[in-house]
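A.B. asks: sharing a model that was predicted from the sequence below.
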Amino acid sequence: MDNIYVQRPGMPPSGDGAGQNNNMTQPSYNVQNPQGSTGATAYGTTGGNGFKTTVGRKKEKTEKLSVYGLYTLVYAVFTALCLYKNARGITFPFFALSTIVYADLCLRRMEGKWQKKDMWYPIAIILLGVSVFLTEDKQMTGLAKWTMIILIGVYSLHILYDETEWKFMRYLQAIVQLIGGGIENIPSAYSDSTVFFKKLKEERAYDDAKMTAPYSEDGNGNTTDKEAYVTVRKKKESKLIYVGIGILVSIPLVIVIVSLLCKADAVFKEAVERIIELIDLKNIVGVLLTVIATFTIAYAYIRYLDERSIRIDDKEHHVYEPVLAITVTSIITVIYLFFCGIQVVYLTFGNNLKLPEGYTYAKYAHEGFYELLVVCILNLIIVLAASYFFGESTALKVILTIICACTYVMMASSAYRMCMYVSEYDLTRLRVYVLYGLIVLAILMIGVIVYIYRESFPLFRYGIAVMTVSVIILVYSHPTALIASYNIRQMTENHGMVDVRHLRELGTDAIPVILKNFDELYEYELAHDTDGRIDDYDHDDYYYGKRSQMGRFYDDYFGKNADEEDYDCPLYDMSFRSFNLSKYLAQKAYKATDNKYDPDGSYWKDMKDNYIKENKYKGESI
């Protein structure tokens, strides 16, 4: 048998002795470096041409998994514990905290650098996490979650890279690289795990061979007994096969035996049935899939960050002749100045000026706010692109400043139109978002104006800060509850119109406000019932065709249509894990009604009879 030399798994290269035959009494195995270099042998990292060998890449994979694998696995299990079938429970803040801890542990292993001013990132993430369990509004919780994801990415880049010289576009490029790199590394969670466990298995087999068979080692601790190593490995593999066969054979036997014992003893049967009820296979699979998905995504992004593959040098980009930008923006500016002049004149003195045929002043003021919002956002993009891609020019800066000023006029016009529209037709989600978006956009434009004259201004970080604070304020304000309060106040105090259908679709956050004003809202429906068939007990379609909006509201959330097993139902039986403050307040408000509005009660008929008899609505004739 030829002399062969085996490098011990996980050991460094054997140095000068690597790649040479060893004259030893035991058989040895010599693995020559594929590249013909003395730089690495079987478990080395580079070949003679400087590229990583296959074994070198495997070693790198096992090292990354051994460093970040345990952290990621614990994080994935904790995420499943917090979030599985529990998207808005009290455990979400703990998930947010665990995300920060996990990120910090991994970033410290990457030798990231921290400063005290960086604390605002974790604080903002925790505040967003807390906001999720305070509301049942899916739009708000979704906004909070996406903001958390963005902050985690920006926070990681900030810790690992010196981005003090990064400009706005450079930040965007880094974010895109991070997203793409994470997606590209998703298979690495499986490939690294495969290599890691394969190496672990080899090392254990080697140790077993060392303990059970004669062997000798050279000065570097490398075994020379290949046959013992291979023999023990095959034995362990055969044992695992036998174990698997044994499990498969035992399954039908267990089923038959347990069935017979259940028929023989009623107590045993009841105990088995309880155990089966506790074993929820669907949830077990769901939890495992959640753990696997979390581990895969988290490990992929951490692995990509550890590679430091993002290009950190802010190379000079191609700068175009500013005359081109001046020409384009000048034309746009003339149009904007003309438009802004009309806005100022007609919205200020509109009652005394002639409008286009078929238009009233109210109709003129009520339309166009969405289009103006889009134009404002477009202006923001134009100013950023012109500042970045075109050379230094005083004329261009002046024109961009004028565009910014016109943008403020457009935002004021859009806000004014929207406020007039709200005063006439009440608030909706979209109208609140438009008004709030205009405020945020106005704050962002301040940074843009500074950036025009001072390129060193950290516009991206300014924008992230403004966005984060804005989202936190919006989510904590519970906009649907504010919408319900405003619209009901318009009805009760100003005797205005109210869209009851829209109110009942606002969700759990608005329930306490609606229940508090339930009687007034139902009175409003009765007062505006044109054919007198609302909640007509003598009519076949009482519960369907002519069921009042308030009746439908009660049926959907607390009555016959409410599914207490549904996580989104206000009556959902919350555990500590799934506790949600908004849902708790809704349940508390419902209990305070003492089933007064139950469909089988006398409330609906009595209310209708009284108002038909009195022919009154809040002191005014119907």
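C.D. replies: Nice, thanks for sending it over. Numbering: from 1, shown residues only.

A.B. asks: now Ala144: how far from Val319?
C.D. replies: As judged by Cβ to Cβ, to the nearest Å, Ala144 and Val319 stand 39 Å apart. Where C-beta positions appear, they are placed from N, C-alpha and C, glycine not excepted.

A.B. asks: those two: which is more packed in?
C.D. replies: Of the pair Ala144 and Val319, Ala144 is the one with more neighbours under other Cβ atoms under 10 Å, namely 27 against 11.

A.B. asks: spit out the contact partners of that one.
C.D. replies: 128-129, 131-132, 471, 475 (Cβ atoms under 8 Å, 6 or more residues apart in numbering).

A.B. asks: ok, now Ile483?
C.D. replies: 426-429, 432, 506, 510.

A.B. asks: which among those residues gets closest to Tyr370?
C.D. replies: Set against Tyr370, the nearest of the contacts of Ile483 by Cβ to Cβ is Thr428 (12.4 Å).

A.B. asks: that closest one reaches His502, doesn't it?
C.D. replies: Yes - taking Cβ atoms under 8 Å as the definition, Thr428 is a contact partner of His502 at 6.5 Å.

A.B. asks: in ChimeraX, how would I select the buried members of the contacts of Ile483?
C.D. replies: The following ChimeraX line selects those of these that are buried, judged by 16 or more other Cβ atoms under 10 Å:
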select :426,427,428,429,432,506,510
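
A.B. asks: can you tell me which of the contacts of Ile483 end up in helices?
C.D. replies: The helices, defined by DSSP state H, take in 429, 432 from these.

A.B. asks: which stretches of the stretch 501-622 of the chain form helices?
C.D. replies: 511-516, 518-527, 549-557, 581-592, 603-614 (DSSP state H, counting those that start in this stretch).

A.B. asks: by contact count, what packs against the shortest one?
C.D. replies: Contacts defined by 3 or more Cβ pairs under 8 Å, 6 or more residues apart in numbering; DSSP states H and E place helix 511-516 against helix 479-494, helix 581-592.

A.B. asks: return the distance of the first one from the chain's centre.
C.D. replies: Mean C-alpha position of helix 479-494 versus that of the full chain (Cα atoms, centre = their mean, to the nearest Å) differs by 31 Å.

A.B. asks: what's the angle between that helix and helix 581-592?
C.D. replies: Orientation of helix 479-494 against helix 581-592 (axes from the mean of the first three to the mean of the last three Cα atoms, to 10 degrees) gives an angle of 40 degrees.

A.B. asks: in helix 479-494, what's buried?
C.D. replies: Buried residues in helix 479-494, counted by 16+ other Cβ under 10 Å: 479-481, 483-485, 487-488, 490-492.

A.B. asks: Val285: which of the residues you listed is nearest?
C.D. replies: For the buried residues of helix 479-494, the nearest to Val285 is Thr480 (34.8 Å; Cβ to Cβ).

A.B. asks: was I right about that closest one contacting Lys138?
C.D. replies: No - look at Thr480 against Lys138 with Cβ under 8 Å: they stay out of range, at 10.5 Å.

A.B. asks: so what sits against both of these two?
C.D. replies: Gly507.

A.B. asks: give me the pLDDT for the residue lying closest to Pro479 once chain neighbours are set aside.
C.D. replies: Nearest residue to Pro479, sequence neighbours excluded (Cβ to Cβ, 6 or more residues apart in numbering): Val432, at 5.1 Å. Model confidence at Val432, given as pLDDT, is 91.

A.B. asks: for Val432, give me its contacts.
C.D. replies: Contacts for Val432 (Cβ under 8 Å, 6+ apart) come out as 479, 482-483.

A.B. asks: same thing but at 10 Å, please
C.D. replies: 418, 422, 474, 477, 479-480, 482-483, 486 (Cβ atoms under 10 Å, 6 or more residues apart in numbering).

A.B. asks: same check on Pro187?
C.D. replies: Counted by Cβ under 10 Å, 6+ apart, Pro187 has contacts 296, 300.

A.B. asks: renumber starting at 496 from here on
C.D. replies: Taking 496 as the first residue, the last one we looked at is Pro682.

A.B. asks: buried ones in the strand or helix carrying Ile968?
C.D. replies: Per DSSP states H and E: Ile968 is located in helix 954-971. Under the neighbour-count criterion of 16+ other Cβ under 10 Å, helix 954-971 has 954-959, 961-963, 965-967, 969-970 buried.

A.B. asks: that one - contacts with which helices or strands?
C.D. replies: Helices and strands touching helix 954-971, by 3 or more Cβ pairs under 10 Å, 6 or more residues apart in numbering; DSSP states H and E, are helix 615-629, helix 633-655, helix 663-679, helix 924-948.

A.B. asks: which of these sits most buried?
C.D. replies: The highest mean neighbour count among those, using mean count of other Cβ atoms under 10 Å, belongs to helix 615-629: a mean of 21.

A.B. asks: quick revisit: can you list residues touching both of Thr923 and His997?
C.D. replies: 978, 982.

A.B. asks: can you list the domains in this structure?
C.D. replies: Domain assignment of the chain by automatic domain parsing yields the ranges 556-713+723-810, 817-959, 976-1116.

A.B. asks: select from those domains the stretch with the lowest mean pLDDT.
C.D. replies: For the domains of the chain, where the average pLDDT is lowest is domain 976-1116, sitting at a mean of 77.

A.B. asks: tell me the contacts of Ala1005?
C.D. replies: Residues in contact with Ala1005 (Cβ under 10 Å, 6+ apart) are 631-632, 973-980, 982-983, 998-999, 1048, 1077, 1081.

A.B. asks: 8 Å - rerun?
C.D. replies: 975-976, 978-979, 998.

A.B. asks: tell me which two of these sit farthest apart.
C.D. replies: Within the contacts of Ala1005, Ala976 and Leu998 form the most distant pair, 11.2 Å apart (Cβ to Cβ).

A.B. asks: gap between Asp1058 and Tyr1079?
C.D. replies: In terms of Cβ to Cβ, Asp1058 sits 18 Å off from Tyr1079.

A.B. asks: residues near the closest residue to Phe1053 other than its chain neighbours, how many?
C.D. replies: For Phe1053, ignoring the flanking residues on the chain, the nearest one in space by Cβ to Cβ, 6+ apart is Tyr1085 at 5.6 Å. A count of nearby residues for Tyr1085, using other Cβ under 10 Å, gives 20.

A.B. asks: my guess is Tyr1085 meets Pro1065, correct?
C.D. replies: Yes - between Tyr1085 and Pro1065 a contact is recorded at 7.0 Å, counting by Cβ under 8 Å.

A.B. asks: shared neighbours of these two, anything?
C.D. replies: By Cβ under 8 Å, 6+ apart, the residues touching both Tyr1085 and Pro1065 are 1006, 1052-1053.

A.B. asks: neighbour-wise, which of those residues leads?
C.D. replies: Within those, most neighbours by other Cβ under 10 Å means Ile1006, with 27 neighbours.

A.B. asks: who's in contact with the residue nearest to Phe1053?
C.D. replies: Tyr1085 neighbours (Cβ under 8 Å, 6+ apart): 1006, 1010, 1052-1053, 1065-1066.

A.B. asks: save these as JSON lines, and put in distance to Thr689 too.
C.D. replies: Listed next are these as JSON lines, based on distance: Cβ to Cβ, whole Å:
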{"residue": "Ile1006", "distance to Thr689": "51"}
{"residue": "Leu1010", "distance to Thr689": "57"}
{"residue": "Tyr1052", "distance to Thr689": "50"}
{"residue": "Phe1053", "distance to Thr689": "53"}
{"residue": "Pro1065", "distance to Thr689": "47"}
{"residue": "Leu1066", "distance to Thr689": "47"}
